[in-house]
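Asks: this one's sequence-less:
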């Protein structure tokens, strides 16, 4: 069973962690990943597009995978289908980011358990833009 942190804790995490790698970020302004990431960028977060099929998004060059990011990452925000979460989690572990976050409707219980057992903060089935708006 997925148990997300409290709203208060999510608010604290969003205040303290400003560098977000967005896996599956599109360069299409009509896509949810773009709209959510654009709002977070406007709110002062650094957005790193992670998508091997685009050159850039939101004015930022895209990287093909998490391991290609230079420097530390605070939050990995995933806009991929649930079945891809184990693969994204493997890369997440290699870069040792702080928070694994999957968007609304994106849940994988095995991945959740594995990351929690390793001591990571895991948030699933929540929209980061909505949580930011509620907790700021």
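Replies: Yep, it's here. Being a predicted model, the structure only gives us computed values, none of them experimental. Residues are numbered from 1 along each chain as shown.
Asks: quick one, helices of the chain?
Replies: 7-16, 32-42, 85-95, 109-117, 128-135 (DSSP state H).
Asks: Return the distance of the first one from the chain's centre.
Replies: Distance of helix 7-16 from the chain centroid (CA atoms, centre = their mean, to the nearest Å) equals 14 Å.
Asks: who touches it?
Replies: Residues from elsewhere that reach helix 7-16 (CB atoms under 8 Å, 6 or more residues apart in numbering): 4-5, 74-75, 99, 121, 123, 126, 128, 131-132, 134-136. Just so you know, the C-beta spots here come from the backbone N, C-alpha and C atoms, and that holds for glycine as well.
Asks: and that helix with helix 32-42, angle?
Replies: For helix 7-16 against helix 32-42, the angle by axes from the mean of the first three to the mean of the last three CA atoms, to 10 degrees is 70 degrees.
Asks: same check, this time on the third one
Replies: Inter-element angle recorded for helix 85-95 and helix 32-42: 30 degrees (by the same axes, to 10 degrees).
Asks: And the fourth one, by the same measure?
Replies: Helix 109-117 runs at 30 degrees relative to helix 32-42, counting by the same axes, to 10 degrees.
Asks: Just the pLDDT for residue 94.
Replies: We have a pLDDT of 96 for residue 94.
Asks: Report the separation between the residue nearest to it when sequence neighbours are not counted and residue 87.
Replies: Nearest residue to residue 94 in three dimensions, chain neighbours excluded: residue 67, at 5.8 Å (CB to CB, 6 or more residues apart in numbering). From residue 67 over to residue 87 the distance is 12 Å, taken as CB to CB, to the nearest Å.
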